[in-house]
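In: need coordinates for the following:
(one chain, ligands or ions: 1)
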Amino acid sequence: MKDKLAWDYIVPVVLCKHLKNARPGLLAPTKIRKTIGGVLHHCAADAWEAMVDAAGKEQIVLKPTSAGDTYRTLAQQLAGFNQRYQLEPIEGQSTRTYEGKKWYLKKGMAPLAAPGTSKHNLGIAVDVANAKGHTLEWLVANVKNFGFSWEVVPEEPWHLRYVAGDNVPEAVNAWKESKNVVPNQQQG
Ligand SMILES: [Zn+2]
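Out: Residues are numbered from 1 along each chain as shown. As a prediction, the model looks like this:
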């Protein structure tokens with residue numbers, strides 16, 4: 001049975017202690033690691049892998065839309081931002097503030113967070129491929145157990161962030177134990 005968790009489940013991000021003074025998009029190599037489909041901060045990587053495993057047992061394949069939709073460096077975020085936004089005003093288009101200036105979303109482009117402000121820059125966000133149908137139903141029923149939540153719904157059903165910080169969810173700890181992952185061996 002589903003608990004109260006619903007489609008509009010959005011909670012604020014709690015950062016784990018390793019991310020408290022981290023510079024977004026400039027994370028030290030010790031803070032991030034390769035994970036399923038990309039790179040994530042190690043605390044989010046554990047939760048992501050635990051969730052992918054659990055989904056797989058129910059024939060749901062979770063993966064990022066691309067490696068660039070896991071951790072994004074500042075340079076990657078800036079490149080995407082420059083493709084989608086311009087300084088010259090466009091009437092009726094949404095805007096972002098970046099470096100004290102107002103930027104206008106080009107027509108036909110999907111919105112993107114300003115460089116340094118995306119949770120992808122902290123390595124705790126994943127854009128899940130095919131976040132619809134059965135996959136989305138599974139996510140709606142399960143993300144909370146793994147410490148993830150949405151940021152913007154219904155516009156971005158694919159965009160999940162790890163929100164649990166150091167309060168590692170039971171399901172993630174259980175998965176780590178089952179994998180025999182030695183805790184506290186990661187640096188940074
Ligand atoms: Zn995203």
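In: can we go C-alpha only for contacts and neighbour counts from here?
Out: Noted.
In: my read is K107 is in a strand, agree?
Out: No - inclusion of K107 in a strand is not indicated when DSSP: H, G, I helix; E, B strand; the rest coil is applied; the result is coil.
In: that one: how many residues sit nearby?
Out: Neighbour count of K107, defined by other CA atoms under 10 Å: 12.
In: my guess is it contacts G92. True?
Out: No - using CA atoms under 8 Å, K107 makes no contact with G92, being 9.7 Å away.
In: how far away is A131 from V52?
Out: 13 Å (CA to CA, to the nearest Å).
In: ignore the last one, H18
Out: Going from H18 to V52 by CA to CA gives 23 Å.
In: just list the residues touching the closest residue in space to Y85 that isn't next to it in sequence, thanks.
Out: Once flanking residues are discounted, Y85 sits nearest to L105: 4.5 Å by CA to CA, 6 or more residues apart in numbering. Going by CA atoms under 8 Å, 6 or more residues apart in numbering, L105 touches 84-86, 90, 93-96, 111.
In: distance of K101 relative to T117?
Out: 15 Å.
In: so for these two, which sits in the more crowded spot?
Out: Neighbour tally, K101 and T117, criterion other CA under 10 Å: the higher count belongs to T117, 15 against 10.
In: quick one, phi/psi of that one?
Out: With angles defined as degrees, to the nearest 10, T117 sits at phi -100, psi -10.
In: secondary structure class for the closest residue to it other than its chain neighbours?
Out: Closest residue in space to T117, ignoring its immediate chain neighbours: P24 at 7.3 Å, by CA to CA, 6+ apart. Classification of P24 by three-state DSSP places it in coil.
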